[in-house]
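Participant: Here's my sequence, what's the structure:
(chains A and B)
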Amino acid sequence: MNGLVKAEFRKIFSTNLWWGMLIPGALITLAFAAGGAWIGSLGVDIQDIDQQVPLALPMFASGMTFGTLFAALVGVIGVTGEYRHRTITTTYLTSGSRDSVLVAKLIAYAALGGVYGVTSAVFGSIGAVLGSGGEGFPSVVSWLAICAVGVVSSVLWALFGVGLGAAVGNQLGAVLGLLLYTQLVEGALSAILRAQGAEEVPPFLPYTAGNDMTMDLALNLFFGDLPERLADSPLVAPLRQALTEGAPIWWASALIFLGYTLLVVLAGSTVGKQRDIT
Amino acid sequence: MHDGTGRIVVQDLTKRFGPVTAVQDLSFTVEPGSVTGFLGPNGAGKTTTLRMLLGLVRPTSGGTTINGLPFERLDNPATVVGAVLEAQSFHPTRSARAHLRCFAAAAGLPDERVEQVLALVGLATAANRRAGEFSLGMRQRLALATALLGDPQVLVLDEPANGLDPEGIAWLRTFMQSFARSGRTVLVSSHLLAEVEQTVDQVVIISAGQTRYQGPLENLRKSQRSRVLVQPADAHALVDALREAGLTDVETLRDGRLAVTGSHTKQVADVALAAGVAIYGMQEEQADLERMFLQLTSGEQGQIGGLGGGAA
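Facilitator: Next up is the predicted model:
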């Protein structure tokens, strides 16, 4: 098993994909956090507010959340690349069983997903410092909590990508499927469900659950960290309710998404064992 | 644990892809110590059979073993069997060395082994080049290097001569023979008998997914018998004379000539002279191995015994 995991790491680091997918996620997080910090710092000049608003925190969280898409993509492309370039034949010829290959990939890509998450966290933190001009950085504890959950979410998305890639096999199909579903289909589905009065369902959909684990925590921390004067204002209180009431608590969303991840991995294992490599 | 014999057994193997039967009730055995040619026309089911042997394609029924075990139960299979398959490939931007290091790690082999196989196949100087820049011949060499990583006991090659230059083919031929001579097993497929005729000792010939012949190539060679085509003035008289001389396998061809099997021109001429039958023309016909192969695989001839009196 050690050998197979080592083999997967060597596969990852001997092509350009890993850093090609790493950079956009990190830069997006940096830009989001910097933008949030900058807008938050504008509050100082407004008479009613008169201080920094820790807007960098939720913006940082949404940057990290968006960045997880690249962790999922590196998993999908890495796994389906073996089918596309037909290296899967050699991979299976040099391993004991197909499941042990899948497990080795899951371990390697979980680690890579962790690297993606940490990189996004570091870049996001740099962005927040840059955007706020070094002053009024949001609560460090809240910040570190978002970093931690963001890294976990990045790991889970990478595992999701590996499972999806193993289940679908075809690279174009898997990548398009992932992008279309997360960026288009689930949003439309949620809108339809809400219009039908089933607004309790969307938080249980995979992409929403995967996002909510970081976003719900970030929003709760953000509103919690707001000065009382602001938090109780007639402008903020209803906004807080609207944004945080609908979603399950962050760790419940994490568990829901973990469930989906296990499902696609199971599908990848089942389909992978049946597949004829011709 | 596997039995270490190096024997390959294919037993009642059948594979259907939807309505298409690629392989049907195929059975054969490959013994170590010799190069076995796996022959059949394109589409005969060779590649599918080899992929089932290697656990890449699931048989519809029947099974295969290497060293007494099905592939998926081999412990660290790379050290038991190495394969060079047709649709095997490389990541285009990964270097040859990096490619080999990936699979050396998977098989738990030290990195020095990578340098050894690179040198063995003559790719040491090209090791840092991307596989995508390789010629077909270099790709075949890299595939062979990959197959040899685990120093396997059994080597399976699917149409390995494709894309190799004559020099490469000669090199591969020598390599396979010395590999087999060290007591190991080589199974090499080809759709051309001539391509492997110099290399193989044993052959398994299949057509339309079924075994047509299995055994030493030498037996196949011996079973081919030349015939004498003769045009006599009186066919009847010559047939009688030949029968008296012990030559009973005589056939009348459509053009009126006689085909005498198991003889040679000198004997037939002597018999005809003694019988007083005039001869207008005579020639000896050599049945060559390639034609026999074509007959075996065309589907008309099911048995080796039926070869003697085939169509002229």
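
Participant: Mind pulling the model confidence for residue B:106?
Facilitator: Residue B:106 carries a pLDDT score of 96 in this model.

Participant: and the spatially closest residue to it that is not a sequence neighbour, what element?
Facilitator: For residue B:106, ignoring the flanking residues on the chain, the nearest one in space by CB to CB, 6 or more residues apart in numbering or on different chains is residue A:7 at 3.7 Å. For glycine as for every other residue, the C-beta is placed from the backbone atoms N, C-alpha and C. Using DSSP states H and E, residue A:7 maps to helix A:2-13.

Participant: May I see the buried residues of that helix?
Facilitator: By neighbour count on 16 or more other CB atoms under 10 Å in any protein chain shown, the buried set for helix A:2-13 is A:3, A:4, A:5, A:6, A:7, A:8, A:9, A:10, A:11, A:12.

Participant: for chain B, what spans make up the strands?
Facilitator: Ranges of strands in chain B, per DSSP state E, are B:8-17, B:20-30, B:35-39, B:61-66, B:81-84, B:154-158, B:185-190, B:202-207, B:210-216, B:227-232, B:250-252, B:258-261, B:279-285.

Participant: Can you give me the pLDDT of residue 70?
Facilitator: Answering for chain A, as no chain was given. pLDDT at residue A:70 comes out at 96.

Participant: could you do chain B instead?
Facilitator: Model confidence at residue B:70, given as pLDDT, is 95.

Participant: Now do the same contact list for it.
Facilitator: B:55, B:63, B:64 (CB atoms under 8 Å, 6 or more residues apart in numbering or on different chains).

Participant: burial measure for the second one, as a count.
Facilitator: Counted with other CB atoms under 10 Å in any protein chain shown, residues neighbouring residue B:63 total 14.

Participant: Residue B:13 is in contact with that one, correct?
Facilitator: Yes: the criterion here is CB atoms under 8 Å, and residue B:63 meets it with residue B:13 at 7.0 Å.

Participant: what bits of the stretch 101-250 of chain B have low per-residue confidence?
Facilitator: Residue ranges of the stretch 101-250 of chain B with pLDDT under 70: B:224-225.

Participant: Residue A:16 touches residue B:92, doesn't it?
Facilitator: No: in this structure, residue A:16 is not within contact of residue B:92 by CB under 8 Å, at 11.2 Å.

Participant: Need the overlap of contacts for the two.
Facilitator: Shared contacts of residue A:16 and residue B:92 (CB under 8 Å, 6+ apart): none.

Participant: quick one, what contacts the closest residue to residue B:110 other than its chain neighbours?
Facilitator: In this structure, residue B:110 finds its nearest non-sequential neighbour in residue B:104, 7.3 Å apart by CB to CB, 6+ apart. When contacts are counted by CB under 8 Å, 6+ apart, residue B:104 touches B:110, B:111, B:113, B:114, B:149.

Participant: Report how many residues lie close to residue 221.
Facilitator: Because you didn't say which chain, this covers chain A. A count of neighbours around residue A:221, defined by other CB under 10 Å, yields 22.

Participant: My question was about chain B, not that one.
Facilitator: Residue B:221 is flanked by 12 other residues according to other CB under 10 Å.

Participant: Read off the pLDDT value for residue 46.
Facilitator: In the absence of a named chain, chain A is used. Note for residue A:46: predicted pLDDT of 69.

Participant: looking at chain B here, not the other one
Facilitator: For residue B:46, the model assigns a pLDDT of 92.

Participant: Now do it against chain A, distance only.
Facilitator: Computed as CB to the nearest CB, to the nearest Å, the residue B:46 to chain A distance reads 13 Å.

Participant: Residue numbers of the stretch 101-250 of chain A in contact with chain B?
Facilitator: On the criterion CB under 8 Å from any CB of the partner chain, chain B has no neighbours in the stretch 101-250 of chain A.

Participant: Low-confidence stretches in the stretch 101-250 of chain A?
Facilitator: By pLDDT under 70, the weakly predicted segments of the stretch 101-250 of chain A are A:134, A:136.

Participant: one more time with 80, if that's ok
Facilitator: For the stretch 101-250 of chain A, the stretches with pLDDT under 80 are A:132-138, A:227-235, A:242, A:244-247.

Participant: Name the residues of chain B found near chain A, please.
Facilitator: Near chain A, when you scan chain B using CB under 8 Å from any CB, you find B:17, B:47-48, B:51, B:54-58, B:72, B:74-78, B:81-83, B:85, B:87-95, B:98-99, B:101-103, B:105-108, B:146, B:149-150.

Participant: In CSV: the strands of chain B, plus distance to residue B:141.
Facilitator: Shown next, in CSV, are the strands of chain B (distance: least, CB to CB, whole Å):
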stretch, distance to residue B:141
strand B:8-17, 24
strand B:20-30, 24
strand B:35-39, 19
strand B:61-66, 24
strand B:81-84, 10
strand B:154-158, 12
strand B:185-190, 16
strand B:202-207, 26
strand B:210-216, 30
strand B:227-232, 45
strand B:250-252, 50
strand B:258-261, 46
strand B:279-285, 42
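
Participant: Select, out of these, the one closest to residue A:52.
Facilitator: The closest of the strands of chain B to residue A:52 is strand B:81-84. By CB to CB, the value is 64.5 Å.

Participant: That closest one pairs with which strands?
Facilitator: strand B:154-158 (parallel) (DSSP bridges).

Participant: Spatially central residue in chain B, please.
Facilitator: Most central in chain B under CA atoms, centre = their mean is residue B:37, positioned 2.5 Å from the mean C-alpha point.

Participant: Residue B:122 and chain A: what is the separation?
Facilitator: Per CB to the nearest CB, residue B:122 is found 20 Å from chain A.

Participant: thinking again about what came up before, list just the nearest of the contacts of residue B:70 to residue B:121.
Facilitator: Using CB to CB, residue B:55 is the member of those that lies nearest residue B:121, at 24.6 Å.

Participant: check contacts around that closest one.
Facilitator: The neighbourhood of residue B:55, defined by CB under 8 Å, 6+ apart, consists of A:92, B:70, B:71, B:72, B:77.

Participant: Which of those residues fall in helices?
Facilitator: Judged by DSSP state H, helices contain the following of the contacts of residue B:55: residue A:92.

Participant: Which residue, other than its chain neighbours, is closest to residue B:152?
Facilitator: Leaving out its chain neighbours, the residue that sits closest to residue B:152 by CB to CB, 6+ apart is residue B:82, at 4.0 Å.

Participant: The one you found against residue B:145, yeah?
Facilitator: No: the criterion here is CB under 8 Å, and residue B:82 misses it with residue B:145 at 9.6 Å.

Participant: could you pull out the strands for chain A?
Facilitator: Taking DSSP E as the criterion, chain A carries no strands.

Participant: where's the residue at minimal distance from the centre of it relative to residue A:138, distance?
Facilitator: Central residue of chain A (CA atoms, centre = their mean): residue A:68, 2.8 Å from the mean position. Computed as CB to CB, to the nearest Å, the residue A:68 to residue A:138 distance reads 21 Å.

Participant: where do the helices sit along the chain?
Facilitator: As the question left the chain open, I've gone with chain A. Along chain A, the stretches classed as helices by DSSP H are A:2-13, A:17-42, A:56-84, A:88-93, A:98-132, A:140-168, A:171-180, A:186-195, A:206-225, A:228-231, A:236-244, A:250-274.

Participant: look at chain B instead
Facilitator: Ranges of helices in chain B, per DSSP H, are B:46-53, B:96-106, B:112-120, B:136-148, B:166-181, B:193-196, B:217-223, B:235-244, B:265-275, B:289-298.

Participant: Could you tell me how many residues sit around the residue lying closest to residue B:207 once chain neighbours are set aside?
Facilitator: Closest residue in space to residue B:207, ignoring its immediate chain neighbours: residue B:297 at 3.9 Å, by CB to CB, 6+ apart. Residue B:297 has 21 neighbours, counted by other CB under 10 Å.
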